[in-house]
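Participant: Sequence plus the predicted model coming up.
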Amino acid sequence: MRKTVKNLRFYTDLTEYRLPILHSFFILRLYVKQTSKLPFIKRRMMNMKKFTCLGLSMVLTFGLLAGCGSSNSGSSASDPQGSAPAQQETAELSGTITANGSTSMEKVIQILEEQFMIDNPGVKASYDPTGSGTGIEAAKNGTADIGLASRALKDEETAAGLKGTNVALDGIAVIVNAGSKVEDLTVEQIAQVFTGEIADWSELGGDAGAIACIGREGGSGTRDGFESITGTEDACVLSQELTSTGAVIEAVKNNPQAIGYASLSAVEGKEGIKAITVGGVPCTEETVLDGSYQIQRPFVMVTRESEALSPAAQAFFDWAVSADASDLIRQAGAVPLA
């Protein structure tokens with residue numbers, strides 16, 4: 001069968017070049033017929049010149065045919081090998097990606113996962129909003145591919161073999177009820193409010209009334225970031241400790257005397273509350289990025305140093321921290337770093 005195919009290819013190539021060959025023989029035949037009428041000596045001299053030219057013409061023709069045949073056979077042999085890398089490059093990612101942690105990162109991680117699954121239909125990504133402390137622990141014990149924390153890792157966490165990679169920055173907005181007269185506080189005043197040193201709104205230019213401080217539960221990355229920046233670690237006097245950013249926003253919305261803190265990405269566009277300026281600086285993407293807004297923290301992806309991620313999880317991680325994901329991070333209300 002192989003011999004038949006080879007012969008068929010040869011005859012196909014020969015057919016392609018039969019015209020130049022037939023043309024050469026036709027000229028030779030015509031020449032013999034015409035020169036037979038000439039005197040013998042003159043005819044002999046012309047024969048020498050013409051046969052030389054015709055010989056060269058036929059050599060070139062057969063050389064072209066042979067070269068083309070070898071080229072065709074070479075290309076047909078190399079085609080299967082040449083297509084293999086292309087097939088490997090287009091191989092689709094597949095598998096699952098599990099993320100667990102910060103509720104403040106909900107908008108960011110969800111928009112990233114949704115786009116990644118659109119681009120990679122064979123991948124299924126999930127996110128469990130359990131809080132930064134739980135997310136860090138999930139990365140440590142391997143129950144999640146990627147932990148999410150809205151604070152930098154502590155020394156004891158990195159010593160345990162964890163690695164934190166910043167994916168974005170986030171401003172922690174200080175929020176009050178939309179009906180409050182208070183528009184601006186300094187970091188020092190905010191600390192005094194949350195430690196109970198200032199207990200009435202009238203001391204800050206607002207209507208008289210006891211201040212109700214709303215905060216997050218212990219282990220929250222938002223709480224950790226807020227307390228470390230304001231210098232109120234283990235000193236806050238809270239009316240309510242809630243387990244999610246959304247719950248804090250809702251509590252402040254429903255209490256005219258309340259003050260709280262929440263991620264910038266979660267506050268934007270919310271009715272019933274307002275973010276006050278801190279030291280005269282609003283909480284915006286621009287002021288977070290240039291550092292002029294003081295109460296800010298990183299959004300961190302947490303992984304284990306000693307264990308490689310799955311191909312799908314690694315591809316997601318690399319894409320999330322690249323410039324290609326910046327617009328999506330910005331859409332989610334956070335400040336991209338790439």
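Facilitator: On my side now, so go ahead. Values in this document were obtained by computation on a predicted structure and should not be read as measured data. Numbers count the residues shown, from 1 in each chain.
Participant: Just read off the phi/psi values of the closest residue to Thr230 other than its chain neighbours.
Facilitator: Here the nearest residue to Thr230 in space, its sequence neighbours aside, is Ala191; by C-beta to C-beta, 6 or more residues apart in numbering that works out to 4.5 Å. Yep, even glycine has a C-beta here, placed from its N, CA and C like the rest. Main-chain torsions, Ala191, degrees, to the nearest 10: phi -60, psi -40.
Participant: likewise the one 4 residues further on?
Facilitator: Note on Thr195: backbone dihedrals following degrees, to the nearest 10 are phi -100, psi 0.
Participant: May I have the secondary structure class of the closest residue in space to it that isn't next to it in sequence?
Facilitator: Computed as C-beta to C-beta, 6+ apart, the closest residue to Thr195 that is not its neighbour in sequence is Ala235, at 4.9 Å. Under DSSP: H, G, I helix; E, B strand; the rest coil, Ala235 falls in the coil class.
Participant: Next, the contact list for Ala235, please.
Facilitator: Going by C-beta atoms under 8 Å, 6 or more residues apart in numbering, Ala235 touches Phe194, Thr195, Glu227.
Participant: My guess is the residue nearest to Thr230 contacts Glu233. True?
Facilitator: No: when contacts are counted by C-beta atoms under 8 Å, Ala191 is not listed as touching Glu233 (10.6 Å).
Participant: Looking at the two, which is more packed in?
Facilitator: Ala191 (19 against 11; other C-beta atoms under 10 Å).
Participant: Narrow the contacts of Ala235 to those that are buried.
Facilitator: Phe194, Thr195, Glu227 (16 or more other C-beta atoms under 10 Å).
Participant: I'd say the last one and Glu233 touch.
Facilitator: Yes: with contact defined as C-beta under 8 Å, Glu227 counts as touching Glu233 (4.6 Å).
Participant: what is in contact with those two at once?
Facilitator: Counting by C-beta under 8 Å, 6+ apart, nothing touches both Glu227 and Glu233.
Participant: Closest to Asn255 out of the buried ones among the contacts of Ala235?
Facilitator: Phe194 (15.4 Å; C-beta to C-beta).
Participant: From Gly205, how far off is the closest residue to that closest one other than its chain neighbours?
Facilitator: Counting by C-beta to C-beta, 6+ apart, Cys236 is the residue found nearest to Phe194 once chain neighbours are left out, at 4.8 Å. From Cys236 across to Gly205, the span is 22 Å (C-beta to C-beta, to the nearest Å).
Participant: So for these two, which sits in the more crowded spot?
Facilitator: Neighbour count, other C-beta under 10 Å: between Cys236 and Gly205, Cys236 has more, with 19 against 12.
Participant: can you give me phi and psi for that one?
Facilitator: phi -70, psi 140.
Participant: Is it possible to get JSON lines of the contacts of Ala235 that adds distance to Thr303?
Facilitator: Below are the contacts of Ala235 laid out as JSON lines (distance: C-beta to C-beta, whole Å):
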{"residue": "Phe194", "distance to Thr303": "33"}
{"residue": "Thr195", "distance to Thr303": "36"}
{"residue": "Glu227", "distance to Thr303": "26"}
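Participant: Point out the least confident one among those.
Facilitator: Lowest pLDDT of the contacts of Ala235: Glu227, 95.
Participant: Are we agreed that that one is in a helix?
Facilitator: Yes: assignment of Glu227 by three-state DSSP places it within a helix.
Participant: Let me see the contact set for it.
Facilitator: Here Glu227 is in contact with Glu233, Asp234, Ala235, Cys236 (criterion: C-beta under 8 Å, 6+ apart).
Participant: what residues does the host helix or strand of Ala125 touch?
Facilitator: Following DSSP states H and E, one finds Ala125 within strand 123-129. With contacts defined as C-beta under 8 Å, 6+ apart, strand 123-129 is touched by 93-103, 106, 109-110, 113, 116-117, 138, 144, 148, 244, 312, 316.
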